[in-house]
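**Q** Need a 3D model of the following:
(one chain, ligands or ions: 1)
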Amino acid sequence: MSNFSYSNSNISRQRVGNWLLLEKLGAGVSGAIYRAVNVHTKPQQFVALKLQRKDEPCPTNRYERFFYPILQGGLGMPTLWGSGIHGSWDYLALDLLGSSLHSLYWKSGRSTMDLRSVLCIGMQMIARLEYMHGRGILHRDIQLGNCAIGLPPNEKTVYMIDFGFSKQYIDPKTNRHIPDSKVKRDFIGNYWFSSVNVHCRGKVPSRRDDLEALALMLIHLLSPGGISWTRHGVPKNEVEHGRLKREKLLARPEDICRGMPDEFEEFLVYCRKLKFADKPDYGRWIEEFRGVAKSRGYPESDELIWPPPPPPPKSLAVVPSPRKEPAANKDSEIEKVLNDLGRLRLEEAPQVLGDRAQIANAVQQAREAVKKPSSDNADKEVIVVSSGDEDDSTKPVPKARRIYLLRTKASDATDNATLSKLVLEFAEVLEKTYSKSLTVEGFSFLDALYKQLADPSVFVQPIRTSKRSGSSTTDSQEGDGLAKGRARRERLATLKGEVEKADTNKVLAGLVKAFGSEIDSTKGKTLPKPAFEFLHALGKRLKDLE
Ligand SMILES: Nc1ncnc2c1ncn2[C@@H]1O[C@H](COP(=O)(O)OP(=O)(O)OP(=O)(O)O)[C@@H](O)[C@H]1O
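**A** As a prediction, this is how the structure comes out:
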């Protein structure tokens, strides 16, 4: 046994410990992995046998032998079935797993991975890090090759592998966090995803750096062609390495996360703001990613389904057909709407949507269409454009449908007491959903509310296409993600204060519009806590002004 080398692929059918080597699965800098079978057990037990020379200058198997027992039992942590020295080989027998994320990424032949898979990987890997960190261990080498999916029946679980660079950050003697140091240290980790602090500034790694590496890995998966500094390949010399470090150091989160859901940028910024010994809020970020999944119409579960199923339809949610009315009633309903449109005081409307002649024309055309026999239209479903998170037909009344109905009721409301109830119900519907994001239907509810409070008889420009009110600052004018979030929350709290003091419907209308614009200015259209406080205050104030 002692005279073979792991660079030589012809060592299968040889025995190491109780294990018979089969084919080679992969190789790292200092070792190789083989599929192997236990020669003593029946039924046959297959494992991944990680081999390394026992005199290897960087004896990572020896380190792993120390960490694996501490990590046993955790979800997504491979079981260690045996380990030891055999001849000149140091071996570890581990759960046999499926493909690494590196292989999935490359074999998918795409320049980016699909968002749902990335969200699942994000949720699962945050949970793995929480588990490891909870046992006092840092990974320190987060990368695609060190995450692998299980084999059936565990193929939806992403495993964390390769603890060769791991380290205890809780000193077992003192039970305290390892100290930080001002002295620059040699770099440990990988070029692509090691954090800026560790890679570019030579700082001591801690929990925040594992999380930042994960953030960069997720961003990489969503970046067409990969995150920018990975596109020149592995640096071949110190000059190239220096160039890569500079590029990583200077890359702004908002630039590398462009086009992705806000949460990726916010996660990266969050990791970079953590202090050396801070415990990250793992649960918060798992829920943030789950919220993104929900808002895109994906299942909430973090199970990785590979290959990825086709995405849910993005923009169309089919809302059940409304109850059919007798034809005469239906026509008179339509006639009523057309009469209302015809009576609109277009010349007085301050913000007329579109060209007046066109509107008059459209009203006329619609009148004629109503007069024609409409049998082919009678049974058609009503299709509401939505952002895609409501098309779950298994739910009795989806969010989109409820908000759609609230909007219709708001347009028909004739008093403040009714509007108050509708606003509170609107807040309740949103509070009960994970994503807390304002969809197309949500904005149209605000439009209807604004119209009722300002002047029900005029066309008003929808909030999403209006100019933003003067005092608000756009996201791009403000600093980083966290500062943006804080400033937004403060502005919403101010709006709530103004609602409480408002003494006319017109003032309330202005505040509804400012509120809608504020939410519209965020990429995710997500409602933070002060937004709900605003809606509750609005509901209450409408009741007071009854
Ligand atoms: N338990 C396993 N089951 C199946 N394949 C595995 C397993 N562990 C590792 N592999 C495969 O072998 C590759 C190398 O594994 P690992 O990273 O543990 O080895 P390493 O020698 O420490 O590598 P490196 O030097 O790149 O860090 C993985 O990317 C994966 O493809």
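
**Q** Output the below-cut-off pLDDT ranges for the chain.
**A** 1-12, 110, 312-397, 434-435, 457-460, 465-479 (pLDDT under 70).

**Q** For the ligand, what is the nearest residue in it?
**A** Proximity of the chain to the ligand (CB to the nearest ligand atom) peaks at residue 28, 2.0 Å away. (C-beta placed from N, C-alpha, C; glycine too.)

**Q** Please name the residues that touch the closest residue to that residue other than its chain neighbours.
**A** Take residue 28 and drop its neighbours on the chain: the residue closest to it by CB to CB, 6 or more residues apart in numbering is residue 162, 7.5 Å away. Going by CB atoms under 8 Å, 6 or more residues apart in numbering, residue 162 touches 28, 60, 64, 141, 145, 146.

**Q** Repeat that for residue 140.
**A** Neighbours of residue 140 in contact, by CB under 8 Å, 6+ apart: 165, 166, 167, 188, 189, 205, 209, 210.

**Q** Now list the buried members of these.
**A** 165, 166, 167, 189, 205, 209, 210 (16 or more other CB atoms under 10 Å).

**Q** The last one against residue 143, yeah?
**A** It stands for residue 210. No. Contact between residue 210 and residue 143 fails when scored by CB atoms under 8 Å: they sit 11.4 Å apart.

**Q** Show me which residues of the chain sit near the ligand.
**A** 25-26, 28-31, 33, 48, 50, 60, 78, 94-97, 100, 145-146, 148, 161-162, 164 (CB under 6 Å from any ligand atom).

**Q** And the next helix or strand past the helix or strand containing residue 106?
**A** For residue 106, the host element (DSSP states H and E) is helix 101-107. As assigned by DSSP H and E, the chain's next helix or strand after helix 101-107 is helix 115-134.

**Q** Please name every helix or strand in contact with that following helix.
**A** Contact analysis of helix 115-134 by 3 or more CB pairs under 8 Å, 6 or more residues apart in numbering; DSSP states H and E lists strand 158-160, helix 207-222, helix 282-295 as its packing neighbours.

**Q** switch to 10 Å and redo it
**A** Under the contact definition 3 or more CB pairs under 10 Å, 6 or more residues apart in numbering; DSSP states H and E, helix 115-134 sits against helix 60-71, helix 101-107, strand 137-138, strand 147-149, strand 158-160, helix 207-222, helix 262-273, helix 282-295.

**Q** between that helix and helix 262-273, how big is the angle?
**A** 20 degrees (axes from the mean of the first three to the mean of the last three CA atoms, to 10 degrees).

**Q** Who are the contact partners of residue 218?
**A** By CB atoms under 10 Å, 6 or more residues apart in numbering, the contact set of residue 218 is 113, 118-119, 121-122, 125-126, 193, 227, 257, 260, 263-264, 267-268, 289.

**Q** For residue 529, state which of the residues you listed is nearest.
**A** residue 263 (16.7 Å; CB to CB).

**Q** Give me the phi and psi for residue 92.
**A** phi -130, psi 130 (degrees, to the nearest 10).

**Q** What about the closest residue to residue 520 other than its chain neighbours, how many residues nearby?
**A** Distances taken as CB to CB, 6+ apart place residue 464 nearest to residue 520, at 5.3 Å, with adjacent residues excluded. When neighbours are counted by other CB atoms under 10 Å, residue 464 registers 16.

**Q** ok, now residue 239?
**A** Neighbours of residue 239 (other CB under 10 Å): 9.

**Q** tell me which element it is part of?
**A** Secondary structure (DSSP H and E) places residue 239 in helix 238-250.

**Q** outside of that helix, which residues touch it?
**A** So helix 238-250 is in contact with 187, 191-197, 199-201, 216, 227-235, 237, 256, going by CB under 10 Å, 6+ apart.

**Q** Filter the residues you listed down to the buried ones and hand me the ChimeraX line.
**A** To isolate in ChimeraX the members of those that are buried, counting by 16+ other CB under 10 Å, one can use:
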select :191,192,193,194,195,196,197,199,200,216,227,229,230,256
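
**Q** Okay, and which of the contacts of helix 238-250 map to strands?
**A** When the contacts of helix 238-250 are checked against strands (DSSP state E), there are no matches.

**Q** I'd guessed residue 38 sits against residue 16; true?
**A** No. Applying CB atoms under 10 Å as the test, residue 38 and residue 16 come out as separate, 11.3 Å apart.

**Q** Grab the nearest non-local neighbour of residue 68.
**A** residue 80 (4.0 Å).

**Q** Okay, that neighbour and residue 506: tell me how far apart.
**A** 70 Å (CB to CB, to the nearest Å).

**Q** Have a look at the two and say which one is more surrounded.
**A** Neighbours per residue (other CB under 10 Å) separate residue 80 from residue 506, with residue 80 holding more: 19 against 11.
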